[in-house]
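Colleague: requesting a structural model of the entry that follows:
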Amino acid sequence: MIKAVVFDLDGTLLDTIPDIAAALNHALESCGLPTHPVRACEKFVGGGIREAVRKAAPQNSSEETIDQVLAAYHGCYPNHCTEKTALYPGIPELLEGLARRDLILGVLSNKTEDTAKKVVKAYFPDVPFRFVFGRVDCRPLKPDPNAAAPVLEALSLPPKQIAYVGDSGTDMSFATAVGMLPAAAPWGYRSKGELVENGAALVPETPAGLLELLLAAAQGH
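Modeller: Modelled structure (predicted):
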């Protein structure tokens, strides 16, 4: 029986790729490097922005180059992170349905924490998220199970009473390693196959379908 539902952010609650791609391409171009089509950037995200920059930069780029692109990205994205980002259809109804049943809601993202909070505040001003956690210097990133530490502390629940919803294999392997219920968001940036291969236990087609599955899990079904 679950008592809390924690969400990934990029590709799960929001389509953030248009803003991420704009900032990433700006950073690459400012460093004299090739840019990418917007949707091609989907395959870069999920492991933290440094890893995204590494994937977007030319193969075998030096760490100095990665640092330069990353600095340019951080100089751009936080100021433009709510311009083109959009809600996935059905997400407001999903969150409202879970909150109405008194399930605790939270966000755990590999996105920089200050930016994650800014994005959540802009798009979900009325959703009662108990916390929004993201990347900070002292905290490991998913799929490291230790990334769950602030979540478990904030909820004071055993992992088996928490569902983690995400759109990537990273999210599913993280939830599985921690002992949370891995719930897929196949409308995001990765395939349903990747999600299943990495341990997804709940595999809906839509947010409405996920709501039904999560409410059933909350009743112990």
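Colleague: next one: the lowest-mean-pLDDT helix or strand in the chain to chain centre, how far?
Modeller: Ranked by mean pLDDT, DSSP states H and E, the helix or strand of the chain with the weakest confidence is helix 49-56, at a mean of 92. Here the centre of helix 49-56 is set off from its chain's centre by 15 Å, with CA atoms, centre = their mean, to the nearest Å.
Colleague: what sits up against that helix?
Modeller: With contact meaning CB atoms under 8 Å, 6 or more residues apart in numbering, helix 49-56 is reached by 20, 24, 27-28, 36, 41, 43-46, 61, 66, 69-70, 73-74, 110-112, 135. Heads up, the C-betas are built off the backbone N, CA and C, glycines and all.
Colleague: buried ones only from those, please, as a PyMOL command.
Modeller: Only the buried members of the contacts of helix 49-56 enter the following PyMOL selection, criterion being 16 or more other CB atoms under 10 Å:
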select buried, resi 20+24+27+28+41+44+45+46+61+66+69+70+73+74+110+111+112+135
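Colleague: narrow the contacts of helix 49-56 to those in helices?
Modeller: 20, 24, 27, 28, 66, 69, 70, 73, 74 (DSSP state H).
Colleague: what about the strands in this protein?
Modeller: Using DSSP state E, the strands of the chain run over 4-7, 14-15, 86-87, 104-112, 129-135, 162-166, 181-184.
Colleague: for the last one, name the packing helices and strands.
Modeller: Strand 181-184 makes packing contacts with strand 162-166, helix 169-178, helix 192-197, helix 207-218 when contacts are defined by 3 or more CB pairs under 8 Å, 6 or more residues apart in numbering; DSSP states H and E.
Colleague: mean confidence score for it?
Modeller: Strand 181-184 shows a mean pLDDT of 98.
Colleague: look up how far residue 27 lies from the residue nearest to residue 103 when sequence neighbours are not counted.
Modeller: Among residues not flanking residue 103 along the chain, residue 5 sits closest, at 5.4 Å (CB to CB, 6 or more residues apart in numbering). According to CB to CB, to the nearest Å, residue 5 and residue 27 sit 34 Å apart.
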